[in-house]
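Undergrad: Let's see this in three dimensions:
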Amino acid sequence: MNSRLVLLLTEDPRLQISLRDASTCMDTTILIAHEPGDALQIICHQGKQLDLAVIDFEDGCHGMTLLTAIQTCCPEVPLVAIVPASSDVYHASALAYANGATACLTKPVSSNELEVAIGQLDEAKLQLEAV
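TA: Got it, this is the predicted structure:
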């Protein structure tokens, strides 16, 4: 498998560890952005090379805005939204999907959940390439 480039927007060190652990069997470079502005810089400079973007919605509307920006600039990049576990988790998930998310996971996210989601996105991408 080729090397993959992943953008992660989060301030949560546990999510960083989970993504790193989920990527141990894959040759992956993770570009970590702690602020939405940093993530936008990465999108502007390396968006076409990205294989995946994982966006932590702890920031609320900034996460939604970033999803839309990524979807507009790089529609081929799969987007995984990480939403906080709260009473409005379904609303947050629906908004994430409406703004371009390919998958949506609820915090706390384990490395196994991320690995499964990434694997499903890879399978879907392979199926699309085969068509």
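
Undergrad: helix or strand for the residue nearest the centre of the chain, which one?
TA: By Cα atoms, centre = their mean, the chain has its centre lying nearest to V54, at 1.6 Å. Taking DSSP states H and E as the definition, one finds V54 inside strand 52-56.

Undergrad: Off-centre distance for that strand?
TA: Strand 52-56 sits 2 Å away from the centroid of its parent chain (Cα atoms, centre = their mean, to the nearest Å).

Undergrad: Poorly predicted segments of this protein, please.
TA: Low-confidence segments of the chain, defined by pLDDT under 70: 1-2, 59-62, 87, 122-131.

Undergrad: Could I get the phi/psi values of L79?
TA: Here the main-chain torsion angles of L79 (degrees, to the nearest 10) amount to phi -120, psi 130.

Undergrad: and P78, how many neighbours?
TA: Using other Cβ atoms under 10 Å, P78 has 22 other residues around it. (Glycine included, C-beta is placed from N, CA and C.)

Undergrad: Check C25 too.
TA: Using other Cβ under 10 Å, C25 is surrounded by 9 other residues.

Undergrad: Return the residues in contact with it.
TA: The contact partners of C25, taken as Cβ atoms under 8 Å, 6 or more residues apart in numbering, number zero.

Undergrad: Could you grab the helix/strand/coil label for it?
TA: Under the three-state scheme (DSSP: H, G, I helix; E, B strand; the rest coil), C25 adopts coil.

Undergrad: which residue ranges form the strands in the protein?
TA: Secondary structure of the chain (DSSP state E): strands located at 4-9, 28-33, 52-56, 79-83, 103-106.

Undergrad: Give the pairing partners of the third one; include direction for each.
TA: Next to strand 52-56 in the sheet, as set by DSSP bridges, lie strand 4-9 (parallel), strand 79-83 (parallel).

Undergrad: Check which residues of the first one are buried.
TA: Along strand 4-9, these residues count as buried under the neighbour rule (16 or more other Cβ atoms under 10 Å): 4-9.
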